[in-house]
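> Would you be able to build a 3D model of this:
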Amino acid sequence: MTHSVHTRAVRMLASLYAIEAAVLLTLVGIYKARTLDWTLLFTKAGAVLITGGIGLFASGWLLVREIRASGSFRRRAFALGLTTNLLTGLLAFLSLETAVRIAGRTTQQGTLVGSVAVRPTWPELTAQSREVLARVAPRGTWDASYFIYDKELGWTVGPNRRSRDGLYFSSFEGIRSAGPNIRMADRAPRFRVALIGDSNAFSLEVPFDETLGYHLERLLGEDVQVLNFGVDGYGIDQMYLRYERDVRPWKPEVVVIGFVWHDLLRTMAVYPFVSFGWPGYLVKPRFTIANGALMLLNVPLPSADEILNARGIEQLPIVDYDLGYGTTDWTLRFDHGPLILRFLTSAFPRWPPANPRVSNEAAEALNSRLLTQIVRSVEQDGAVPLVLFMGQSRDALLQNTLSRARVPHLMDVSECLAGIPANHRKVPSGHHYTGLANEAIARCTAPAVELALRNARDPTRRPISSSVPRS
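A predicted model of the protein is given here:
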């Protein structure tokens, strides 16, 4: 009799394992589903869900049949099978949870398990940003940092600042400079060239005398002043707004607009610390196209306290326009669950519902409109725009955006860097150009700038120092 009980218990145990596997498969199908309607049947998630449902029915039927066939000792057999199932399941779960915790390591970007970055929870995201802001400034402000909070641009270069490592200085006007206490407006050059863009235009991670702006000014000659308005982390939208507010008053003859493909994604973000995991870079302006025109959605921007004190990400203003919120799922994150669940949902993320506000089509339309608008504004101001693609890789988003924008005067730095060994093009981080690469880009760019300035080289032209802003 004992042998029969054990045999029946093993069969019931197998059926229970099959039921649990089918339940997990069903949950995976629900988890991966974009929408729970009849269209789900024609998707991969639907196929997984149907398979799980069939497996659940079949294994349940087998369990019921086995229980009925057990006769008078069905209770003992079922209790033995169920107890074994629960104990082995608990042991497997604890083993996996322990293994993941042992393998996990804490980094500045969060928890890594192997090559998988465990998606941060909302409290973790806000805690990282609070820590960054506390290091660079008194609580609640960015006054002590080189890059400061700006209610219109998100962040910008502070006036007359010095970075903590002494690598960056800014003039009294908030323009990258060779040292402290410099007023760019004190010079009276015949011509001015403005450089706007992201960290590559700014020349992050190299000293002033290795920047693109420095090399370009040296090549153009003493009667040309190059003003570097680049800012780390900017998207195309912030470049446009910086030109309109900060560059235009200087009345440059040429405006060099440097960008990389990732800047197109930044345009689609509202909260970079959510979209890209950039602690401290909390919020930026967000455009949309309404009735065929560009429209700003969130200026003036919320303060750091307003953002970091929100109880959840869903409380942030216009968060549904944010790239990171719109392309990842925040409804089934298991933020307060075991690490194994957070690891699995990070390694195998959901397929979120399509969000037209952050789709590739929306990104192409918005970025092409912004690039066109920058060029148009520069030309309306009587200057020559020179659009400089500073990346070394292209994708469909970039190609389609440039095709729609029909940007004139487009230059690509790829050929400029052909003579530079690959291991000398980027600084150790791999994100930004070395001084050698910046010099090569400047040599390629200088002839185009010279051509743009040629018609302006009128010896009777008066200096323009009287028309620039002063602090």
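
> and the residue positioned nearest the centre of the chain, backbone torsions?
Closest to where the C-alpha atoms of the chain average out (Cα atoms, centre = their mean) is residue 276, at 2.9 Å. Here is the backbone geometry of residue 276 (degrees, to the nearest 10): phi -120, psi 0.

> pLDDT averaged over stretch 303-318 - what is it?
Stretch 303-318 shows a mean pLDDT of 92 in the predicted model.

> Please enumerate the strands of this structure.
Ranges of strands in the chain, per DSSP state E, are 104-107, 110-113, 116-117, 147-150, 154-157, 169-170, 176-177, 191-197, 224-228, 254-259, 287-290, 293-296, 384-389, 410-412.

> The longest one to strand 384-389, inter-axis angle?
On the basis of axes from the mean of the first three to the mean of the last three Cα atoms, to 10 degrees, strand 191-197 is oriented at 30 degrees to strand 384-389.

> Specify the beta-bridge partners of residue 195.
residue 228, residue 256 (DSSP bridges).

> which residues of the stretch 101-250 of the chain score low on pLDDT?
The model of the stretch 101-250 of the chain has pLDDT under 70 over residues 108-109, 136-144.

> got the residue ranges for the helices in it?
Secondary structure of the stretch 101-250 of the chain (DSSP state H, counting those that start in this stretch): helices located at 122-136, 199-202, 212-220, 236-242.

> The closest residue in space to residue 307 that isn't next to it in sequence: how many residues sit nearby?
Distances taken as Cβ to Cβ, 6 or more residues apart in numbering put residue 282 closest to residue 307, at 5.1 Å, once the chain neighbours are dropped. The way it works is simple: take the backbone N, C-alpha and C, and place the C-beta from them, glycine included. Other residues lying near residue 282 total 27 when counted by other Cβ atoms under 10 Å.

> Distance check, residue 282 against residue 150.
Noted for residue 282: a distance of 11 Å to residue 150, by Cβ to Cβ, to the nearest Å.

> Then residue 161?
13 Å.

> what is the rounded mean pLDDT of stretch 357-373?
Throughout stretch 357-373, pLDDT has a mean value of 94.

> buried residues in it?
357-358, 362-371, 373 (16 or more other Cβ atoms under 10 Å).

> can you check stretch 55-69 too?
55-56, 59, 62-63, 66-67.

> can you check stretch 389-409 too?
Here stretch 389-409 shows 389-391, 397-398, 400-402, 405, 407, 409 as buried, counting by 16+ other Cβ under 10 Å.

> tell me the domain boundaries of the protein?
As given by automatic domain parsing, the domain ranges for the chain are 2-106, 120-471.

> Nearest to residue 112, out of the ones you listed?
Of all the domains of the chain, domain 2-106 sits nearest to residue 112, with 5.5 Å by Cβ to Cβ.

> what's the distance between stretch 348-358 and the middle of its chain?
Chain-centre distance of stretch 348-358: 16 Å, with Cα atoms, centre = their mean, to the nearest Å.

> shift numbering so it begins at 560
From this message on, residue numbering opens at 560, which makes the last subject stretch 907-917.

> From the rest of the structure, what touches that stretch?
590-594, 604, 678, 827, 847, 879-882, 885-888, 891, 921 (Cβ atoms under 8 Å, 6 or more residues apart in numbering).

> let's see 6 Å
Applying Cβ atoms under 6 Å, 6 or more residues apart in numbering, the contact partners of stretch 907-917 are 590-591, 593, 827, 880, 882, 885, 888.

> In that stretch, which residues are buried?
In stretch 907-917, counting by 16+ other Cβ under 10 Å, buried: 909, 916-917.

> Equivalent analysis for stretch 849-866, please.
857, 860-861, 863, 866.

> The closest residue to residue 984 other than its chain neighbours: neighbouring residues, count only.
Once flanking residues are discounted, residue 984 sits nearest to residue 996: 4.7 Å by Cβ to Cβ, 6+ apart. Residues near residue 996, counting by other Cβ under 10 Å, number 24.

> how close does residue 996 sit to residue 789?
Distance of residue 996 to residue 789, given as Cβ to Cβ: 15 Å.

> one step back: which ones are touching the residue nearest to residue 984?
Contacts of residue 996 (Cβ under 6 Å, 6+ apart): 976, 979, 984.

> Equivalent analysis for residue 949, please.
So residue 949 contacts 759, 817, 819, 972 (Cβ under 6 Å, 6+ apart).

> With residue 760 instead?
Per Cβ under 6 Å, 6+ apart, neighbours of residue 760: 754, 789, 817.

> again, but for residue 680
residue 894.

> And the closest residue to residue 975 other than its chain neighbours, what's its pLDDT?
Of all residues not flanking residue 975 in the chain, residue 1003 sits nearest, at 3.6 Å (Cβ to Cβ, 6+ apart). Confidence at residue 1003, expressed as pLDDT, is 92.

> what about residue 1003, how many residues close to it?
The tally of other residues near residue 1003 (other Cβ under 10 Å) stands at 18.

> And residue 714, by the same measure?
Residue 714 has 23 neighbouring residues, counting by other Cβ under 10 Å.
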